[in-house]
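> would you be able to build a 3D model of this:
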Amino acid sequence: MNPTPTLITAAQAGIPEIEQTKIALELILSQGGIAVMQQIYGAVEKRLPTGYRLSQQGKNSLRRVVNTRAVNDGYIYRYDQDNPGWRITEEGVAFIRQELGKHIGDLKFTARATVNFNFAIKEIRSLLVYFSELQEDQRQDNRNFLYRTNCGSAWEKSVNETGIG
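Here you go, the predicted structure:
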């Protein structure tokens, strides 16, 4: 028997409005430029923790994000009753492609990566520790190389000058 899911808003799950907008735009773009609100609800619910679903308030808030914020920002066309569905604008396509392709080093950050902010920060911190240790090892290797090179050069110079050898 499946337990009843806990109903929350996307904001309560740690998904700010800009991320909700990105999720909607990513979905619309992946579907050829159009999506209905039910599909957008589903896309956001996939980003919620297991056992959670959007409450009615969460759905209302998400609808407001799409039909007010995303429309006013120029990412989505105003709703057309004669042609149902939310359509992405060229500006929306450019924005979401830029957002989907953000890289820092070898890491790629998307809307999904920011849903669980603490997890992302933990991963980044572990990478920073790894790279700082790697850099320290490389510095030590460089110090050893320079020491051997300088000592070798000094020794060779001394041997050549004294004629010993």
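
> chain neighbours aside, what residue packs nearest to Pro5?
Arg53 (4.2 Å; C-beta to C-beta, 6 or more residues apart in numbering). In this view, the C-beta of every residue, glycine as well, is placed from N, C-alpha and C.

> in the host helix or strand of the one you found, what's buried?
Using DSSP states H and E, Arg53 falls within strand 52-54. Residues of strand 52-54 classed as buried: Tyr52, Leu54 (neighbour count, 16 or more other C-beta atoms under 10 Å).

> need the contact partners of that strand.
Applying C-beta atoms under 8 Å, 6 or more residues apart in numbering, the external contacts of strand 52-54 come out as Pro5, Thr6, Leu7, Ile8, Thr9, Ala10, Ala13, Tyr41, Val44, Glu45, Leu48, Leu62.

> try 7 Å this time
Pro5, Thr6, Leu7, Ile8, Ala10, Ala13, Tyr41, Val44, Glu45, Leu62 (C-beta atoms under 7 Å, 6 or more residues apart in numbering).

> the third one: which element?
Element membership of Leu7, judged by DSSP H and E, is strand 6-8.

> helix or strand right after that strand?
helix 17-30.

> so how far is Ser61 from Thr9?
5 Å (C-beta to C-beta, to the nearest Å).

> if I look at Gly74, how far off is Val36?
21 Å.

> pretty sure Thr21 is touching Val71, no?
No - counting by C-beta atoms under 7 Å, Thr21 sits too far from Val71 to count as a contact (10.3 Å).

> of the two, who's got more company?
More crowded of Thr21 and Val71, by other C-beta atoms under 10 Å: Thr21, with 23 against 17.

> and the pLDDT for that one?
We have a pLDDT of 96 for Thr21.

> list the contacts of it.
Counting by C-beta under 7 Å, 6+ apart, Thr21 makes contact with Val65, Arg69, Ala70, Tyr75.
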